[in-house]
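Novice: Predicted structure and sequence below. I'll ask about it afterward.
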Amino acid sequence: MGKIRRFEDLEVFKLAMANANLIYDLSSKPPFNSDFALKDQIRRSSISVFSNIAEGFERDGNKELINFLSIAKGSCGEARAQAIFAHQRNYINDDEFRLVSENLIAASSQMSGFQNYLRNSEKLGRKFL
């Protein structure tokens, strides 16, 4: 694996971005697109995932990044709960729900692994160099 210099290099950031794009695509189709409250909320929570990864990375310290990864994981859970509701409302079909749910679970799992790595790392972040 190459050196991570920017948050855009993080696989978990790429996955979170792909998840948000998928959620935007799904929520743009009828009848989902007519439920303005749910559409806006699931979009906001999916945006929050990659945004918090980026913000935590840019803070230049492991403790900050671990904290922001925790917030991003919470947003993954929020988006998953909203996807469950969208599925129950028949806004997304079984296959679409499965894909969104599996992707969000994968991102959350990657963030947990990244948090564990950072907790055990002797490097504390760029601001401590």
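Specialist: Here it is on my side, so go on.
Novice: quick one: contacts for the residue most central in space within the chain?
Specialist: The centre of the chain sits closest to V49, judged by Cα atoms, centre = their mean, with a distance of 3.3 Å. If a contact means Cβ atoms under 8 Å, 6 or more residues apart in numbering, then V49 has 16, 19-20, 72, 75-76, 79, 107 as its contacts. Where C-beta positions appear, they are placed from N, C-alpha and C, glycine not excepted.
Novice: before we move on, which element is it in?
Specialist: Following DSSP states H and E, one finds V49 within helix 36-58.
Novice: Touching, M111 and L69? I think so.
Specialist: Yes - the pair M111 / L69 is scored as a contact, 4.7 Å apart, by Cβ atoms under 8 Å.
Novice: For PyMOL, write a command that selects the buried ones of the contacts of V49.
Specialist: The PyMOL selection below is limited to those of the contacts of V49 classed as buried (16 or more other Cβ atoms under 10 Å):
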select buried, resi 16+19+20+72+75+76+79+107
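Novice: hang on, the earlier thing: spit out the residues that contact M111 and L69 alike.
Specialist: I53.
Novice: So those two - more neighbours on which side?
Specialist: The residue with more neighbours, out of M111 and L69, is M111; 26 against 23, by other Cβ atoms under 10 Å.
Novice: Could you check how far the helix or strand containing that one is from the centre of its chain?
Specialist: M111 belongs to helix 94-120 when assigned by DSSP H and E. Using Cα atoms, centre = their mean, to the nearest Å, the mean C-alpha position of helix 94-120 is found 8 Å from that of the whole chain.
Novice: Could you look up the SS state of the closest residue to E8 other than its chain neighbours?
Specialist: Spatially, and ignoring its direct neighbours in sequence, E8 is nearest to K14 (7.7 Å; Cβ to Cβ, 6 or more residues apart in numbering). Under DSSP: H, G, I helix; E, B strand; the rest coil, K14 falls in the helix class.
Novice: For K14, grab the count of nearby residues.
Specialist: 15.
Novice: ok, it to S48 distance?
Specialist: The gap separating K14 from S48 is 16 Å, by Cβ to Cβ, to the nearest Å.
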